[in-house]
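Visitor: what would the 3D arrangement of this be:
(one chain, ligands or ions: 3)
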Amino acid sequence: MNVNLIGVPINYGCDKEGAQYGPTKLRENNIVEVMKRGGHQIYDLGDIDVPFICQEDKYACHEKMKYLSPIAEINTNLAHEVYCSLSGKSFPFVIGGDHALGLGSIAGCSKYFKEIAVIWVDAHGDINSYETSPSGNIHGMPLAASMGIGHPILTNVYFEGTKVKPENVYIVGARDLDQGEIELAKKLNLNLYTIDIVKNRGLENVIIEIINKIKDSNVNGVHLSFDIDVLDKSIVPGTGTAVDNGFNVEEGKFLFDKFLGEGFITSMDFVELNPKLDVDDRTTKVCIEMIDHIFKTI
Ligand SMILES: NC(=[NH2+])NCCC[C@H](N)C(=O)O
Ligand SMILES: [Mn+2]
Ligand SMILES: [Mn+2]
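Guide: Residues are numbered from 1 along each chain as shown. Ligands and ions are numbered 1, 2, ... in the order given. You can find the predicted model right below:
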């Protein structure tokens, strides 16, 4: 398979020092060589440009959203790179950076495919809008914006309108949802598989249900967005919003086995590594181990 590796060294979405070093850290740890072990042709397209913005200017564009304008700009460029990758028959593998980049990835996929599904594997829902966000951090909003909910500057990134229909969104592993997110999930009747549901019903059963639902829907592209904080806090100290009661490494790998083994995933994000918060590179090592597994499975 041809794979385009795309780095997005962004921390404006989480407003925490360190997440912007994710792509460099992964490259220093030979991500390209690791990806090649799966027998793929890897094209490292380098990093999307992230302009420097002063801390004092973070609310320049909107009083309730930090770095709105640069985040929209970066995501527009990312979206086009994802779209061009798909057009050139390459699998886009996007590394972060914080999860605000999900907006651009999804927009790029959405332009290429007639109809898409999104599998969002995360301790969080990332379905806030500026009205519900407790933090003003845009990495808590990309999935809502992709469904057409939120500020027009976000919902209209790359092209005007909704990128993915709510019925085609699957959230897996959530265990830290804000009040507004819980209400939105109910209102939209989202396919929300919280960690409690996963643990009650079993990871395999939940994954099989999602696969069947996707196969029964009329989508022709499936984007898998993986936020490493879905893993337990004890395994990933190097991420900005770690939450306990998460998956272990084996469960993470199992999830990739099932979804990637199905052969329907057409693009991926791998986000929220923060090397500055890491302890003895433990989180980087877990990331590399997961990425090794992904490309041996895909
Ligand atoms: N991609 C993430 N790690 N998102 C964390 C979001 C945390 C919180 N729900 C917020 O909106 O600020
Ligand atoms: Mn996230
Ligand atoms: Mn998260």
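Visitor: measure the residue of the stretch 101-250 of the chain found nearest ligand 1 to residue 175 for me?
Guide: Closest approach of the stretch 101-250 of the chain to ligand 1 (C-beta to the nearest ligand atom) occurs at residue 140, with a separation of 2.3 Å. (Each C-beta comes from the backbone N, C-alpha and C, glycine too.) Residue 140 sits 14 Å away from residue 175 when distances are taken as C-beta to C-beta, to the nearest Å.
Visitor: so for stretch 74-82, mean pLDDT?
Guide: What stretch 74-82 shows for mean pLDDT is 99.
Visitor: next one: it to chain centre, how far?
Guide: 14 Å (C-alpha atoms, centre = their mean, to the nearest Å).
Visitor: picking up where we left off before, what are the phi and psi angles of the closest residue to the residue of the stretch 101-250 of the chain closest to ligand 1 other than its chain neighbours?
Guide: Nearest residue to residue 140, sequence neighbours excluded (C-beta to C-beta, 6 or more residues apart in numbering): residue 128, at 4.5 Å. Torsion angles at residue 128 (phi, psi; degrees, to the nearest 10) stand at phi -80, psi 160.
Visitor: near ligand 3, which residues of the stretch 51-200 of the chain?
Guide: 122, 123, 124 (C-beta under 5 Å from the ion).
Visitor: list buried residues within those.
Guide: Among these, the ones that count as buried by 16 or more other C-beta atoms under 10 Å are 122, 123, 124.
Visitor: tell me the contacts of the residue nearest to residue 282 when sequence neighbours are not counted?
Guide: With sequence-adjacent residues excluded and distances taken as C-beta to C-beta, 6+ apart, residue 282 is closest to residue 237, at 6.1 Å. Contacts for residue 237 (C-beta atoms under 8 Å, 6 or more residues apart in numbering) come out as 277, 278, 279, 282, 283.
Visitor: are any of those buried, and which?
Guide: 277, 278, 283.
Visitor: now flag whichever of those is closest to ligand 1.
Guide: residue 277 (12.4 Å).
Visitor: ok, the closest one touching residue 239?
Guide: Yes. Counting by C-beta atoms under 8 Å, residue 239 is a contact partner of residue 277 at 6.9 Å.
Visitor: find residues that contact each of those two.
Guide: residue 283.
Visitor: excluding chain neighbours, what is closest to whichever residue of the stretch 1-150 of the chain sits closest to ligand 2?
Guide: Residue nearest to ligand 2 within the stretch 1-150 of the chain (C-beta to the ion): residue 99, separated by 3.5 Å. Excluding the flanking residues, the one nearest residue 99 by C-beta to C-beta, 6+ apart is residue 139, at 4.3 Å.
Visitor: surely the one you found touches residue 103?
Guide: No. If you go by C-beta under 8 Å, residue 139 and residue 103 don't touch, sitting 9.5 Å apart.
Visitor: other SSEs contacting the longest helix seen in the chain?
Guide: Looking across the chain with DSSP state H, the single longest helix is helix 68-87. Counting contacts by 3 or more C-beta pairs under 8 Å, 6 or more residues apart in numbering; DSSP states H and E, helix 68-87 packs against strand 2-8, strand 91-96, helix 102-112, helix 152-155, strand 267-271.
Visitor: I'd like the next helix or strand past the fourth one.
Guide: Using DSSP states H and E, the helix or strand that follows helix 152-155 towards the C-terminus is strand 169-174.
Visitor: quick one: stretch 145-154 to chain centroid distance?
Guide: Worked out by C-alpha atoms, centre = their mean, stretch 145-154 lies 16 Å from the chain centre.
Visitor: residues in contact with it?
Guide: By C-beta under 8 Å, 6+ apart, stretch 145-154 touches 61-62, 65, 68-69, 71-72, 102-103, 106-107, 110, 118, 127, 129-130, 138, 141-142, 144, 155, 157, 161-166, 169, 184, 188.
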